[in-house]
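J.: I would like the atomic coordinates for the input below:
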Amino acid sequence: MKAESTVMPVAPYEIEYDGEWAVITFFENVVPVAVEEDEAQKWEYDEYRLRIKNRDNLIATLDSHYADWVDFAKASENVVPEETDREKIARLEKEKAELDGVIGDMVQVLVDKGVIW
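T.: Residues are numbered from 1 along each chain as shown. Here you go, the predicted model:
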């Protein structure tokens, strides 16, 4: 995913720890962005995030198999998580409410035109 910041990534990745999880952000293709004279320097880069279980040797594993981890993060970026039953029900209820509104509007137009009564 393309990202832009006024802070240039200084390492190829960073890790944020969240309990037993680690969120690894990989940075690639870091380039300066042309800015106006009165603007702060900006940087554009490709950013990929990966959330995995934390482990004692995480940094050593990342360093020794860096290319594999980046490839995995890139591949994971395009994976759409499967919808849970609760999420599906909420989505369908919302779609139904929207369709009910459209149908109600259409019926009102037909009533107003005398097509139905």
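
J.: only C-alpha atoms for contact and neighbour calcs from this point on.
T.: OK.

J.: Which parts of the chain belong to which domain?
T.: Recorded structural domains for the chain (assignment: automatic domain parsing) are 2-79, 82-117.

J.: number of nearby residues for residue 4?
T.: Using other Cα atoms under 10 Å as the criterion, residue 4 is surrounded by 16 other residues.

J.: Kindly report the same for residue 58.
T.: What residue 58 shows, counting by other Cα under 10 Å, is a neighbour count of 13.

J.: Local confidence estimate at it?
T.: Here, the pLDDT recorded for residue 58 equals 96.

J.: same deal with the one 10 residues further on?
T.: Per-residue pLDDT puts residue 68 at 97.

J.: And the one 3 residues further on, by the same measure?
T.: According to the prediction, residue 71 has pLDDT 95.

J.: That one in helix, strand or coil?
T.: helix (DSSP: H, G, I helix; E, B strand; the rest coil).

J.: measure it to residue 28 for me?
T.: According to Cα to Cα, to the nearest Å, residue 71 and residue 28 sit 12 Å apart.

J.: that older thread, any idea which of the domains of the chain is most buried?
T.: domain 2-79 (a mean of 14; mean count of other Cα atoms under 10 Å).

J.: The lengthiest helix in the chain: how far from the chain's middle?
T.: What stands out as the longest helix in the chain, according to DSSP state H, is helix 85-112. Chain-centre distance of helix 85-112: 28 Å, with Cα atoms, centre = their mean, to the nearest Å.

J.: A helix includes residue 10, no?
T.: No. Assigned with three-state DSSP, residue 10 falls outside any helix and is coil.

J.: what separates it from residue 110, distance-wise?
T.: The value you get for residue 10 to residue 110, if Cα to Cα is used, is 64 Å.

J.: ok, now which ones touch residue 60?
T.: Contacts for residue 60 (Cα atoms under 8 Å, 6 or more residues apart in numbering) come out as none.

J.: Checking it next. Helix, strand or coil?
T.: With three-state DSSP as the basis, the three-state label of residue 60 is helix.

J.: go on, residue 23?
T.: Look at residue 23: counting by three-state DSSP, its state is strand.

J.: Just grab the bridge partners of it for me.
T.: On the basis of DSSP bridges, residue 23 is bridged to residue 16, residue 51.
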